[in-house]
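Asker: What follows is a predicted protein model with its sequence.
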Amino acid sequence: MSPIDPLQRSQKICVVMPAYNAEQTLERTWRDLPLDWVDDIVVVDDASRDRTVEVARGLGLHVLVHPRNRGYGGNQKTCYREALARGADVVVMVHPDHQYDPTTIPELVTPLLAGECDAVFGSRMLGGRPLEGGMPKWKYLANIFLTAMANATFYAFLSEYHSGLRAYTRRYLLAVDLESNSDDFVFDTEIIAQGVWKNLRIREIPIQTRYFPEASQIGFGRSVHYGFSVLSVLLRYKMQKKGWLRSRIFDDPPVAQHSPSSR
């Protein structure tokens, strides 16, 4: 892959941050962004109970606020709608909890800028020793199991389907029906299933993560629910593939999906 000079590129790169109670970590995340690779930053606050919005606006970022909590998937929908409306060619999702390292953005976006694929995911599994980074062992084992099931369903090979550091091309986000997806955490699996259905190309790069008290994590109970939700997505994909059942998430998106979001 030939190197790309960030100052000579023509494509617009937008970083989106789906935020919820990120007051203590948002500025740290922003300071780690390689700003010569970033043209626009959108923060969507999901009805936080702390000073997330005040901190984001104090940094001069473009901020949208949900009047009520819509969930992680619902937050991402607003993020991607707004990024597309603001003319993004590449959209990078960065969690503002500082768990994922945004300094890897150049490695994430370079294959997209070169037209080599349609999405790039950061993988903790490729990054080496995720347990040493603090990932709970039960979460590590569940990740391996769900990833194996997804690979078997999609006839693909990814080392992880549950990363919170991702980059998509405009083409990818326009090709899938974002609004038909869940507002919950399983959105992350649904958008991959949609991309596979549309024959979009996905790559991975190795990343490392940090686990610490301020980093947002879901507990064991919600993780179990998430696991069964992921298996449900895989079952729907398989049934759609065989023609046994039609799932709405695999339909073409309505044009209205890409209109600017309300402020």
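Answerer: Alright, I've got the coordinates. Residues are numbered from 1 along each chain as shown.
Asker: And what about the nearest residue to Glu107 once chain neighbours are set aside, helix, strand or coil?
Answerer: Spatial nearest neighbour of Glu107, chain neighbours left out: Ile205 (4.9 Å); criterion: CB to CB, 6 or more residues apart in numbering. In short, each C-beta sits where N, CA and C put it, glycine included. Under the three-state scheme (DSSP: H, G, I helix; E, B strand; the rest coil), Ile205 adopts strand.
Asker: so Ile205 touches Val120, yeah?
Answerer: Yes. If you go by CB atoms under 8 Å, Ile205 and Val120 touch, sitting 6.2 Å apart.
Asker: neighbour-wise, which of the two wins?
Answerer: Per other CB atoms under 10 Å, whichever of Ile205 and Val120 has more neighbours is Val120, with 26 against 18.
Asker: ok, that one - contacts?
Answerer: Listed by CB atoms under 8 Å, 6 or more residues apart in numbering, the contact partners of Val120 are Glu107, Leu108, Val109, Pro111, Leu112, Arg166, Ala167, Ile202, Arg203, Glu204, Ile205.
Asker: One more: Val196?
Answerer: Phe154, Ala156, Ile202, Tyr237.
Asker: distance of it from Val233?
Answerer: 11 Å (CB to CB, to the nearest Å).
Asker: for Ala156, same thing?
Answerer: In terms of CB to CB, Ala156 sits 14 Å off from Val233.
Asker: repeat for Ser180
Answerer: In terms of CB to CB, Ser180 sits 12 Å off from Val233.
Asker: Look at those two and report which has more neighbours.
Answerer: Val233 (25 against 16).
Asker: list the contacts for the more buried one?
Answerer: So Val233 contacts Val186, Thr189, Glu190, Ala193 (CB under 8 Å, 6+ apart).
Asker: List phi and psi for it.
Answerer: phi -60, psi -40 (degrees, to the nearest 10).
Asker: Now it: closest residue in space that isn't a chain neighbour?
Answerer: In space, Val233 is closest to Thr189, 4.9 Å off (CB to CB, 6+ apart).
Asker: can you check Pro206 too?
Answerer: Leu126 (3.7 Å).
Asker: and if you look at His95?
Answerer: In space, His95 is closest to Gly164, 4.6 Å off (CB to CB, 6+ apart).
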